[in-house]
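Enquirer: task: produce atomic coordinates for the following.
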Amino acid sequence: MQHEINLAVGNTTLSTTNAQLARQVLEQETGLVPFAGIAGELISLDQYLIPPAIGQHWHGQGGTYVGVMRGENGEPDYHLIAPKHAQIASITFGGSGYRISGADHIRDGLANTRALMAHNIDHPAARWATEQQAEGHADLYLPARAEAYLCWANIPEQFEDKGWWLTSTQYGPSYAWIQDFVVGNQTDGHKDFARPAFAVRRILIPSPLNALTDRARSAR
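Expert: Next comes the predicted model:
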């Protein structure tokens, strides 16, 4: 038996037995969105609860399933996805001589990318990453150090160029962290030196609205 869920949104009351619809309305109204990506889309409950095996394509999510990343500074953990086509052979980090506030995250490439994009100096790799799309998703970003390392550890076969790849993690005014896809080393590379780069996307686990939806169901 399906339970009816009642939601008060402003002066309007919504009654529905569709828990997914109720959750999305709550997310929209409260701002507790599973992943407000660069394009700001909602991820459905079923999509992020049942990922494929690591290294397999996650249909509908745009790319290869890399695994679970631990959230930084208490943020939620999330599934990391790396689209095979979202790679570029040579591009610069950009912004040499400028230390960008908010672009030093070790684990959070999305935060780094947003900080780089918000700066008035062009950062080509970050801009390129945000311009990529995968199966209709436009929330891609340049991965941070830890995200790039997880890609080396779990899906190295996806990176034919076994050299050094850019990450979004800054290393002072003129350098950024880079990831080696031979043995997994990381070091700093000059921001103006062109290297390969790739883009990723994420799905938070779990949505903070899961608990609210469960409460709405149990209240009936």
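Enquirer: for stretch 131-151, measure first residue to last.
Expert: 21 Å (C-alpha to C-alpha, to the nearest Å).
Enquirer: what mean pLDDT does that stretch get?
Expert: What stretch 131-151 shows for mean pLDDT is 97.
Enquirer: what residues of it count as buried?
Expert: 132-134, 137-151 (16 or more other C-beta atoms under 10 Å). (Each C-beta comes from the backbone N, C-alpha and C, glycine too.)
Enquirer: output the lowest mean pLDDT helix or strand found in this protein.
Expert: Of all helical and strand segments in the chain, the minimum by mean pLDDT, DSSP states H and E falls on helix 45-49, at a mean of 44.
Enquirer: which neighbours in the sheet does the helix or strand following it have, and how are they oriented?
Expert: Counting by DSSP states H and E, the next helix or strand C-terminal to helix 45-49 is strand 57-58. Strand 57-58 sits in its sheet next to strand 63-69 (antiparallel), going by DSSP bridges.
Enquirer: which residues sit against the partner strand?
Expert: 51-58, 77-84, 86, 107, 134-135, 146-147, 150-151, 154-155, 158, 200-202, 205 (C-beta atoms under 8 Å, 6 or more residues apart in numbering).
Enquirer: could you do stretch 96-114 as well?
Expert: In contact with stretch 96-114 (C-beta under 8 Å, 6+ apart) are residues 37-38, 69-72, 75, 115-116, 118-119, 121, 123, 126, 129-130, 141-147, 167-170, 172-174, 190-192, 200, 202.
Enquirer: is it possible to mark the buried ones in those residues?
Expert: Burial by neighbour count, 16+ other C-beta under 10 Å: within the contacts of stretch 96-114 this picks out 37-38, 69, 115-116, 119, 123, 126, 129-130, 141-147, 167-170, 174, 191, 200, 202.
Enquirer: from the middle of its chain, how far away would stretch 132-146 be?
Expert: Here stretch 132-146 is found 6 Å from its chain centre; the criterion is C-alpha atoms, centre = their mean, to the nearest Å.
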